[in-house]
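S.K.: I would like the atomic coordinates for the input below:
(one chain, ligands or ions: 2)
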Amino acid sequence: SSCCCSFEDYKRTTEWLLDQTNHRPKVAVICGSGLGLLADGAAHKQTFSYKDIPNFPVSTVPGHEGRLVFGTIEDTPCVFMQGHFHLYEGYSLCQVTFPIRIFKLMGVESVLVTNASGGICPDFKVGDIMIIKDHINLPGFAGQHPLCGPNDERFGIRFPCMSDAYSKDLRRLVLDVGSELGCSSFIREGVYCMVSGPNFETIAEARMLLILGCDSVGMSAVPEVTVAKHCGLRVLGLSLITNMVSLDYSREEKVNHEEVLQISKMRAEVLQKLVTTFICRYQQQSINNN
Ligand SMILES: O=P(O)(O)O[C@@H]1C[C@H](O)[C@@H](CO)O1
Ligand SMILES: Nc1nc2[nH]cnc2c(=O)[nH]1
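M.R.: Numbering: from 1, shown residues only. Ligands and ions are numbered 1, 2, ... in the order given. Take a look at the predicted model:
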């Protein structure tokens, strides 16, 4: 699975966007399933449909609007992806992660990845927000890895370190913001495992993931985070627990995508407050540190 996009492709898309907008985002927010509302807190919005952006993939999954929204949160220039791409849609991991390198070339410094996932950790509850502390790249173990193929040094090194993929400072900051907003009772930290999907887990698979140390399981984030870390972006990951994964053969409930979207919509407002306040504090901290 080598990269199907050349540096020229990335450059062409970046230049096209820089020509079309005066926004120069510093923070990129990737909105997971049903979480497009996260962009609603931004002002001075300018929106592009993915289908109109050269080289951009398009969204094919319900709950992913397929729009790139530029805007500002207080004084911070941001870009929101309302919908992102998945391996199970038939995209290569190079296409899945294409926007990350565009953001890098546009001057973005930090990426906030959100998504929906199933809770594996028995202490979790539906509606919890899990700060991603670490991940397991299950497709990566099988060679489905976005950095396979020739390495382009203009983006990053051949053998990037992944033990610090999720910025400690950003995790601390979002924990502080969560407690300031009175959300501590449903904010968790944990390990996210990516599977390719599109089916939800069997019970035996779920039990295996529990033994492996996974707290939640989903079908995204990891390729985007890996490529972001490779090109030197700071990363924060937030995963909304939309369902509990069955670990027990006697459990009757069956998970489905509609339920995932319903819980995402129900929690989007809280997550939006968390994300917008986080971005405000992030900006204040950068000002204080400079
Ligand atoms: O795009 P995310 O990772 O938020 O979406 C999750 C994984 C699948 O795409 C979908 C399953 O309901 O939700
Ligand atoms: N793989 C997986 N992805 C999800 N996305 C939301 N819920 C789930 C889940 O239970 N399993």
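
S.K.: Going by C-alpha atoms from here, please, whenever you check contacts or count neighbours.
M.R.: OK.

S.K.: isn't residue 216 right up against residue 191?
M.R.: Yes: judged on Cα atoms under 8 Å, residue 216 makes contact with residue 191 at a distance of 6.5 Å.

S.K.: Same drill for those two, tell me which one is more crowded.
M.R.: In terms of neighbours (other Cα atoms under 10 Å), residue 216 is the more surrounded of residue 216 and residue 191; the figures are 29 against 19.

S.K.: Give me the pLDDT for the more buried one.
M.R.: If you check residue 216, the pLDDT there is 98.

S.K.: Going forward, count from 56.
M.R.: OK, 56 is where the count begins now, so the last one is residue 271.

S.K.: Against residue 244, how distant is it?
M.R.: Separation of residue 271 from residue 244 (Cα to Cα, to the nearest Å): 10 Å.

S.K.: max-length helix in the chain?
M.R.: When the chain is parsed with DSSP state H, its longest helix is helix 312-344.

S.K.: which parts of that helix are buried?
M.R.: Under the neighbour-count criterion of 16 or more other Cα atoms under 10 Å, helix 312-344 has 315-316, 318-320, 322-324, 326-334, 336-338 buried.

S.K.: Also stretch 174-181?
M.R.: Applying a neighbour-count criterion of 16+ other Cα under 10 Å, the buried positions in stretch 174-181 are 174-176, 179-181.

S.K.: Can you tell me the SS state at the residue lying closest to residue 269 once chain neighbours are set aside?
M.R.: Using Cα to Cα, 6 or more residues apart in numbering and skipping residues adjacent in sequence, the residue nearest residue 269 is residue 246, 5.2 Å away. Of the three states, residue 246 takes strand under DSSP: H, G, I helix; E, B strand; the rest coil.

S.K.: Next up, the contacts around residue 246.
M.R.: 187-191, 268-271 (Cα atoms under 8 Å, 6 or more residues apart in numbering).

S.K.: OK, contacts around residue 125?
M.R.: 78, 80, 99-102, 132-135.

S.K.: Not counting residues beside it along the chain, what's closest to it?
M.R.: Leaving aside its sequence neighbours, residue 125 is closest to residue 134 (4.4 Å, by Cα to Cα, 6+ apart).

S.K.: where does the one you found land in three-state SS?
M.R.: With three-state DSSP as the criterion, residue 134 was assigned strand.

S.K.: and it, bridged to which residues?
M.R.: When assigned by DSSP bridges, residue 134 has beta-bridge partners residue 83, residue 125.

S.K.: That one reaches residue 126, doesn't it?
M.R.: Yes: contact status for residue 134 versus residue 126: in contact at 6.3 Å, counting by Cα under 8 Å.

S.K.: Please identify which of those two sits among more neighbours.
M.R.: Applying other Cα under 10 Å to residue 134 and residue 126 shows that residue 134 carries more neighbours, namely 28 against 24.
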